[in-house]
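> this one's sequence-less:
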């Protein structure tokens, strides 16, 4: 509806028509899918994505990353950035190499913590998150979904812990961490048996 609405306004202002919009979209699809509309041979989805990025660069894009929306949540943006970089060959060969990078970034974060430099700590924490997301992506796991599953699991266990504490007539805020952790571990064991 928006496309029709904007095209109507543009037609009235003699800028472009709906037909021109449709033609431009069709031309773009044909140009970016030479494996369907041309003679380009591809082996798999990865080849299609690589071709797509090369064609876009040929259309005047300055960076393969320019298509990543700035408004995306940071985790989703990290996954998209990594996928885009992969399409031009900026990618580790094995998951073991990616894990080595995770370990390297972990050590750099610990060094930053020792330095007590808040700005550096934040930067190194970001580097560690980015590397872990890259590792998870290498495992073909969606980091956003994985984290959301953990959020839900934490909420479920925490609320179960609150229920146990309330049934015992205790105050969660007055308990020690080790007392709470003992209840947490019992709930975790029960949930894993279900």
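Everything's here; your move. Predicted model only: the values in this text are computed from it and were never measured.

> State the next helix or strand along the chain beyond the lowest-mean-pLDDT helix or strand in the chain.
Ranked by mean pLDDT, DSSP states H and E, the weakest helix or strand in the chain is helix 45-58, scoring a mean of 75. Next helix or strand after helix 45-58 toward the C-terminus (DSSP states H and E): helix 74-86.

> got a list of contacts for the following helix or strand past that following helix?
Later in the chain than helix 74-86, the nearest helix or strand by DSSP H and E is helix 95-115. With contacts defined as C-beta atoms under 8 Å, 6 or more residues apart in numbering, helix 95-115 is touched by 92, 120-121, 123-125, 127-128, 130-132, 134-135, 138-139. No exception for glycine: its C-beta is placed from N, CA and C like everyone else's.

> go again using 7 Å as the cut-off
With C-beta atoms under 7 Å, 6 or more residues apart in numbering as the test, helix 95-115 has contacts from 92, 120-121, 124-125, 127-128, 131-132, 134-135, 138-139.

> Compare those and tell me which has the most neighbours.
Neighbour counts for the contacts of helix 95-115 (other C-beta atoms under 10 Å) peak at residue 134, which has 24 neighbours.

> Wait, it touches residue 81, no?
No. With contact defined as C-beta atoms under 7 Å, residue 134 does not count as touching residue 81 (9.5 Å).

> which residue packs closest to the spatially most central residue of the chain, ignoring adjacent ones?
Nearest to the mean C-alpha position of the chain, counting by C-alpha atoms, centre = their mean, stands residue 76 at 2.6 Å. Closest residue to residue 76 apart from its sequence neighbours, by C-beta to C-beta, 6 or more residues apart in numbering: residue 144 at 5.6 Å.

> What angle do helix 74-86 and the helix or strand that that neighbour is a member of make with each other?
Under the criterion of DSSP H and E, residue 144 resides in helix 143-167. Here helix 143-167 runs at 160 degrees with respect to helix 74-86, directions being taken by axes from the mean of the first three to the mean of the last three C-alpha atoms, to 10 degrees.

> Noted, bye for now.
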